[in-house]
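Q: what shape does this take:
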Amino acid sequence: MHASILRSNPQHNFSHTHALQIYDSGAIYSMIPKNGCTTVRLSIALANGAIAGRSEWEWIHQNNDSFRPSFKDLALANYRFAILRCPYGRLVSCFLDKVVKRTPDAQKFLAASQFDGGLDQLTFRRFCAEMAKPAVRTSNLHWRPQIDFLVYADYDSYFCFENFSAIGPTLKARIGLELIDARPMARHDSSHYKTINSSTPFADVELAHLEAMLLNGFYPAPEKFYDTAMMRTVYSAYQADFALYERECPGKGLFADRANVFASA
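A: Here you go, the predicted model:
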């Protein structure tokens, strides 16, 4: 068997960087961006005594690695959990929140993909097509595959983002962690928008038009970003994520009735 030095293993180091320890219980949370991580990080910061109250929630963005466990902590953790999200829904959320809103992540996408059309001409279809390139797919935390953030081969609890209301009671019962909803403060989610449930597909709508929708308080329904070709593109790019999600969150995905349609493609 080939042996390697753990501290020199880039995949382990990446996932280790995104593991957070809850001090009282010794539990380990693997943070995956766009999967409710702001709420969980705020809750851990409060539980660990790093902040005095919810009003200091922005502290977490400058201190992502403050609760990084040691190798010993990882090995001895008595409870390990992560939150998984349907890859279809996660990618739409990432695109609308990070790219359409023209955050620095949008510029990182342009740099990684070398897309020369500029943000105004960018569409979700082109964004997803670029995810077929490993260098682009791993260039940013928000669209990086979820499996890259997992430091363990298995977890005590894989929670489903789509059933978020069930997470709080379980964490309270298992490790005493009080889950504090960060959505009203961070406003990274879609809860404060009115969802557009029209027959209009959005895969080929240019970014400038989507930006106008968000500015006017409207949020395109995530499923309207996909046709069969788009589903195939994303499934191919994120096959390992789909495999884990379908195993742990059966029937919860954006297209649950078609979950395995591309498994043998």
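Q: low-confidence ranges, the stretch 151-265 of the chain, go.
A: In the prediction, the stretch 151-265 of the chain carries residues with pLDDT under 70 at positions 184-193, 197, 258-265.
Q: show me the helices in the protein, by range?
A: Assigned by DSSP state H, the helices in the chain fall at 10-17, 37-47, 71-76, 87-94, 104-113, 124-130, 134-137, 167-175, 183-186, 207-215, 228-237, 239-248.
Q: out of these, which gets nearest to Q146?
A: Of all the helices of the chain, the one in closest proximity to Q146, counting by C-beta to C-beta, is helix 239-248 (4.8 Å). C-beta: built from backbone N, CA, C; applies to glycine.
Q: residue contacts, F81?
A: If you count contacts by C-beta atoms under 8 Å, 6 or more residues apart in numbering, F81 has them with 27-30, 155-159, 171.
Q: looking at these, which has the most residues close by?
A: When neighbours are counted as other C-beta atoms under 10 Å, the busiest of the contacts of F81 turns out to be Y29, with 28 neighbours.
Q: skip the chain neighbours and tell me the closest residue to C37.
A: Taking C-beta to C-beta, 6 or more residues apart in numbering as the measure, C37 lies nearest to M31, with 4.8 Å between them; neighbours along the chain are not counted.
Q: typo on my end, it should be M213
A: Distances taken as C-beta to C-beta, 6+ apart place P220 nearest to M213, at 6.4 Å, with adjacent residues excluded.
Q: ok, the one you found - how many residues close by?
A: P220: 24 surrounding residues under other C-beta under 10 Å.
Q: got a list of what it touches?
A: By C-beta under 8 Å, 6+ apart, the contact list for P220 reads 96, 195-196, 202, 205, 210, 213.
Q: among those residues, which are in strands?
A: Cross-referencing the contacts of P220 with the strands (criterion: DSSP state E) gives 195-196 as the overlap.
Q: out of the contacts of P220, which are buried?
A: Under a neighbour-count criterion of 16 or more other C-beta atoms under 10 Å, the subset of the contacts of P220 counted as buried comprises 96, 202, 205, 210, 213.
Q: end-to-end on stretch 125-138?
A: For stretch 125-138, the first and last residues are 18 Å from each other (C-alpha to C-alpha, to the nearest Å).
Q: and the contacts of it?
A: Identification of contacts with stretch 125-138 by C-beta under 8 Å, 6+ apart yields 91, 95, 99, 109, 112-113, 115, 117, 143-145, 148, 203-204, 230, 233-234, 236-238.
Q: recalculate using a threshold of 7 Å.
A: The contact list for stretch 125-138, computed with C-beta atoms under 7 Å, 6 or more residues apart in numbering, reads 91, 95, 99, 112-113, 115, 143-145, 203-204, 230, 233-234, 236-237.
Q: from D65, how far out is F95?
A: Using C-beta to C-beta, to the nearest Å, we find F95 at a distance of 26 Å from D65.
Q: neighbour-wise, which of the two wins?
A: F95 (25 against 10).
Q: isn't the more buried one up against L122?
A: No: at 9.1 Å, F95 and L122 do not qualify as touching, with contact defined as C-beta atoms under 7 Å.
Q: now the residue nearest to C37. Its backbone dihedrals?
A: Dihedral pair for M31: phi -80, psi 130, per degrees, to the nearest 10.
Q: and it, what does it touch?
A: Taking C-beta under 7 Å, 6+ apart as the definition, contacts of M31 comprise 18, 20, 37, 41, 149.
Q: give the burial count for the third one, as a bare number.
A: Read that as C37. For C37, the tally of surrounding residues (other C-beta under 10 Å) stands at 23.
Q: what of the first one?
A: By the other C-beta under 10 Å criterion, the neighbourhood of H18 contains 22 residues.
Q: distance check, it against P33.
A: In this view, H18 and P33 are 9 Å apart by C-beta to C-beta.
Q: repeat for the fourth one
A: Using C-beta to C-beta, we find R41 at a distance of 10 Å from P33.
Q: also the last one?
A: Using C-beta to C-beta, one obtains 8 Å as the distance from F149 to P33.
Q: more neighbours: which of the two?
A: Between F149 and P33, counted using other C-beta under 10 Å, the more crowded position is P33 (23 against 20).
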